[in-house]
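In: the following block contains a protein sequence and its predicted model.
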Amino acid sequence: MTTNAHRVVVDPITRIEGHLRIEADTDAEGRITRASSAGTMVRGIEIILKGRDPRDAWAFAQRICGVCTLVHGIASVRAVEDALKYRIPPNAELIRNLMIGAQYVHDHVMHFYHLHALDWVDVVSALKADPRQTSALAQSISGYAKSSPGYFADVQTKLKRFVEGGRLGIFAGGYWGSPLYKLPPEANLMAVAHYLDALAWQREVAQLHAIFGGKNPHPNFVVGGVPSALSVNPGGQTNPAAFRGGEAATATNIVGLERVQEIIASMRSFVDQVYVPDTLAIASFYKDWFAIGEGLGNFMTYGEFPSKSIFDPATFMIPSGVIVDRNLARIEPVDLHAADQIEEYVAHSWYEYSVGKDKGLHPYAGETNLKYSGPKPPYQHLDVEASYSWLKSPRYKGRAVEVGPLARVLMLYATGHAQTKELVDFALKKLDVPIDALYSTLGRTAARTLETKIIADAMQGWYDGLMTNIKAGDLRTFNAALWDPSTWPGEAKGVGFMEAPRGALGHWIVIRDGRIANYQAVVPSTWNAGPRDAKGQDGAYEAALKGTKLLDPKAPLEILRTIHSFDPCLACAVHVLTPEGETIEVTVTP
């Protein structure tokens, strides 16, 4: 982190996935007047995919990121299925819902404790805590079993050894002792203990992906369903009719399915007894942050968790739509195929378009293979009047929008989802803050917690539905109807969309003569972290930072709090050129 005159530079932003730089111009009082978000790394999956069999795309696209591990795989297979109008069996939809739901719960808990909580929790302060008082605090907010004085004393002893040995490790480099930290020592100790508990917990919940997808990270998928053959036999051998071509495969049997039930129960227990109580407890000390960090006021969702089919949006648990200027009474529809709705701009990106830098392109016509001919990225200070990011600037009907947990919770609340309304109203009443508190840094963080409970609870329903189908004799998990490329049209276009934990994710594919002619991924962190467009409209990060006052520009904890509330994933969001500004070309022989 460096400062120059009235510009504060934080590079890299730590505790995120990928490489992000924030430059903030401040006035004489330390208030941010303009922020600039720069993705400083590059990728090139879209280029690699050109010329390949679209049925193989998911295996490459999923490697865009290893944190939100399965989401690009899901979006990719859905893109091919949309292009070919390829419906999958009900069991496959349920298994995908379970896998996506598990990703949400795992990802959100990990984000809160291991990436974001340290913006609010002073780890070193925990050394001053009284374990008995910590135990009393923990038991007053939850029935979590690990709440004894002895347990917290052991955690404190372990932490003390780290500090005295100079081995803070993952806790090193924090702004410990800053007056911006407001938790009492006992609350800090409780949070540190739950930080460590979550590390052990996440190893267990990751098993669900391995049961249905063979491994984690990057579980397996297949266009037309899921690769999880089902069996009612304890030994796991499946009926050939259950999964065509998998006669000798080892299926997911009753033992694996019972393990899935145990994992769902473990998820719900940790969310109910640890994650939700901790969020509410910590938020109660930082109510001023319910009025900081909103930004755009525009929110978008693509929709997720179909109860019937991805082709039937009316059955989605999370609806699609756009909220403009906080107006929850009017939801604008989203058409991902329409050429005039979703466009990406490069006015302030280190790219050029064949149509010029000030014009947008729909992803079907998107370009990532043009040489950037401008000056190399200046990393001492960004030229924010020109190009300053490897990210593009996506827009919905020309508007910058925010995507992610806050957008989804607002959409559920606005459309009358009963559990969401109950949870949001409960949290607002408990914290004694108005509905407008949601439009903030801490509102974004609280929304992520509440949606984790909503999805963890929904997982039980999807599991019950899967078991009902199995007991009724339906073991189908794959549809081979369009597996033969000779039946495909000469050209087909499709979009695979989903609500990734970080927000609206879309993969657009153009298939020509059985091969990928164009492929574009527009990801949540592109929507949120993208730079200004030709009209000067800020991206979501940039808008959320504007107006924030920094207590100490040399320790800009305020910037970290707001940026982390979005849960950045920059590896997903960037594109690729060589250090010389040349395209990385990949030739694929069919």
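Out: Received it, and whenever you're ready, just let me know what you need.
In: contacting residues for residue 331?
Out: 319, 321-323, 411, 414-415 (C-beta atoms under 8 Å, 6 or more residues apart in numbering). C-beta coordinates here come from the backbone N, C-alpha and C atoms, glycine included.
In: and those residues, which are buried?
Out: For these, a burial check counting by 16 or more other C-beta atoms under 10 Å picks out 319, 321-323, 411, 414.
In: out of the residues you listed, which comes closest to residue 384?
Out: Nearest to residue 384, judged by C-beta to C-beta, of the buried ones among the contacts of residue 331 is residue 322 at 27.6 Å.
In: that closest one - nearest residue in space that isn't next to it in sequence?
Out: Computed as C-beta to C-beta, 6 or more residues apart in numbering, the closest residue to residue 322 that is not its neighbour in sequence is residue 332, at 4.2 Å.
In: do residue 545 as well
Out: residue 35 (3.8 Å).
In: output the contacting helices and strands for the helix or strand where that neighbour lies.
Out: Secondary structure assignment for residue 35, by DSSP states H and E: strand 32-39. For strand 32-39, the elements it packs on are strand 20-26, helix 540-545, judged by 3 or more C-beta pairs under 8 Å, 6 or more residues apart in numbering; DSSP states H and E.
In: which parts of it are buried?
Out: Applying 16+ other C-beta under 10 Å to strand 32-39 flags 32, 35-39 as buried.
In: how distant is whichever helix or strand comes after that strand from the center of its chain?
Out: Per DSSP H and E, strand 32-39 leads on to helix 45-49 as the next helix or strand towards the C-terminus. For helix 45-49, the separation from the chain centroid amounts to 22 Å (computed by C-alpha atoms, centre = their mean, to the nearest Å).
In: repeat for stretch 430-438
Out: Counting by C-alpha atoms, centre = their mean, stretch 430-438 comes out at 24 Å from the chain centroid.
In: buried ones in it?
Out: 431, 433, 437-438.
In: how many residues are close by the closest residue to residue 309 other than its chain neighbours?
Out: Nearest-residue entry for residue 309: residue 87, 6.1 Å, with adjacent residues in sequence omitted and distances by C-beta to C-beta, 6+ apart. Per other C-beta atoms under 10 Å, the neighbour tally for residue 87 reads 19.
In: other residues contacting the strand holding residue 35?
Out: With C-beta under 8 Å, 6+ apart as the criterion, strand 32-39 contacts 18-27, 382, 384, 388-391, 529-532, 538-539, 541-542, 545-550, 570, 573-574.
In: hmm, back to that, what residues are up against the residue nearest to residue 309?
Out: 81, 309, 311, 479.
In: does the last one touch residue 90 like I think?
Out: No: with contact defined as C-beta atoms under 8 Å, residue 479 and residue 90 do not form a contacting pair (10.7 Å).
In: distance of residue 218 from residue 497?
Out: Using C-beta to C-beta, to the nearest Å, residue 218 is found at 20 Å from residue 497.
In: okay, these two: which has more neighbours?
Out: residue 497 (24 against 19).
In: low-confidence bits of this structure, can you list those?
Out: Residue ranges of the chain with pLDDT under 70: 1-5, 42-43, 167-170, 234-250, 369-380, 573-590.
In: what sits against the residue sitting nearest the centre point of it?
Out: With distances taken as C-alpha atoms, centre = their mean, residue 502 lies nearest the centre of the chain, 2.2 Å away. Contacts for residue 502 (C-beta under 8 Å, 6+ apart) come out as 68, 403-404, 523-525, 528, 566-569, 572.
In: which residues in this structure form strands?
Out: Assignment of strands within the chain using DSSP state E yields the ranges 2-4, 7-10, 20-26, 32-39, 299-301, 304-306, 316-318, 321-323, 342-345, 393-396, 491-500, 503-512, 515-522.
In: coming back round to it: which ones among the contacts of residue 502 are found in helices?
Out: 524-525, 528, 572 (DSSP state H).
In: now residue 188. Nearest residue, chain neighbours left out?
Out: Per C-beta to C-beta, 6+ apart, closest to residue 188 is residue 126, 4.2 Å.
In: cool, residue 66 as well?
Out: Among residues not flanking residue 66 along the chain, residue 217 sits closest, at 5.0 Å (C-beta to C-beta, 6+ apart).
In: and the one you found, how many neighbours?
Out: For residue 217, using other C-beta under 10 Å, the count is 16.
In: same thing with residue 470?
Out: 18.
In: residue 208 too?
Out: For residue 208, using other C-beta under 10 Å, the count is 27.
In: could you do the one 3 residues further on as well?
Out: By the criterion of other C-beta under 10 Å, residue 211 has 21 neighbours.
In: also residue 29?
Out: As a burial measure, residue 29 scores 7 neighbours (other C-beta under 10 Å).
In: tell me the contacts of it?
Out: With contact taken as C-beta under 8 Å, 6+ apart, residue 29 is in contact with residue 549.
In: check the gap between it and residue 549 for me.
Out: 7 Å.
In: next one: residue 304
Out: Distance of residue 304 to residue 549, computed by C-beta to C-beta: 36 Å.
In: comparing these two, which residue is more hemmed in?
Out: Shown here are residue 304 and residue 549; by other C-beta under 10 Å, residue 304 has more neighbours (24 against 12).
In: hey, what's the residue lying closest to that one once chain neighbours are set aside bridged with?
Out: Excluding the flanking residues, the one nearest residue 304 by C-beta to C-beta, 6+ apart is residue 499, at 3.6 Å. With DSSP bridges as the criterion, residue 499 is bridged to residue 504.
In: hang on, residue 138 packs against residue 190?
Out: Yes: if you go by C-beta under 8 Å, residue 138 and residue 190 touch, sitting 5.2 Å apart.
In: look at the two and report which has more neighbours.
Out: residue 190 (32 against 27).
In: I'd say the more buried one and residue 131 touch.
Out: No: counting by C-beta under 8 Å, residue 190 stays clear of residue 131, with 10.0 Å between them.
In: what touches both of these two?
Out: residue 152.
In: wait, what's in contact with the nearest residue to residue 18 once chain neighbours are set aside?
Out: Leaving aside its sequence neighbours, residue 18 sits nearest to residue 570 (C-beta to C-beta, 6+ apart; 2.7 Å). Residues in contact with residue 570, defined by C-beta under 8 Å, 6+ apart, are 16-20, 39-41, 391, 525, 529.
In: let's see if you can find the most crowded of those residues.
Out: The most crowded member of these, judged by other C-beta under 10 Å, is residue 525 (34 neighbours).
In: quick check: that residue vs residue 37, distance?
Out: Relative to residue 37, and taking C-beta to C-beta, residue 525 is found at 10 Å.
In: ok, residue 97 next?
Out: Per C-beta to C-beta, residue 97 is found 33 Å from residue 37.
In: just checking, residue 453 touches residue 426?
Out: No: judged on C-beta under 8 Å, residue 453 makes no contact with residue 426 at a distance of 10.7 Å.
In: which of these two has more neighbours?
Out: More crowded of residue 453 and residue 426, by other C-beta under 10 Å: residue 453, with 20 against 13.
In: ok, and the closest non-adjacent residue to the more buried one?
Out: residue 271 (5.3 Å).
In: now swap in residue 470 and tell me
Out: The shortest distance from residue 470 to any non-neighbouring residue, by C-beta to C-beta, 6+ apart, is to residue 230 (6.0 Å).
In: re earlier: turn the strands of the chain into a markdown table, including distance to residue 198.
Out: What follows is the strands of the chain, written out as a markdown table (distance: least, C-beta to C-beta, whole Å):
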| stretch | distance to residue 198 |
| --- | --- |
| strand 2-4 | 33 |
| strand 7-10 | 26 |
| strand 20-26 | 23 |
| strand 32-39 | 28 |
| strand 299-301 | 27 |
| strand 304-306 | 24 |
| strand 316-318 | 25 |
| strand 321-323 | 32 |
| strand 342-345 | 36 |
| strand 393-396 | 32 |
| strand 491-500 | 20 |
| strand 503-512 | 22 |
| strand 515-522 | 29 |
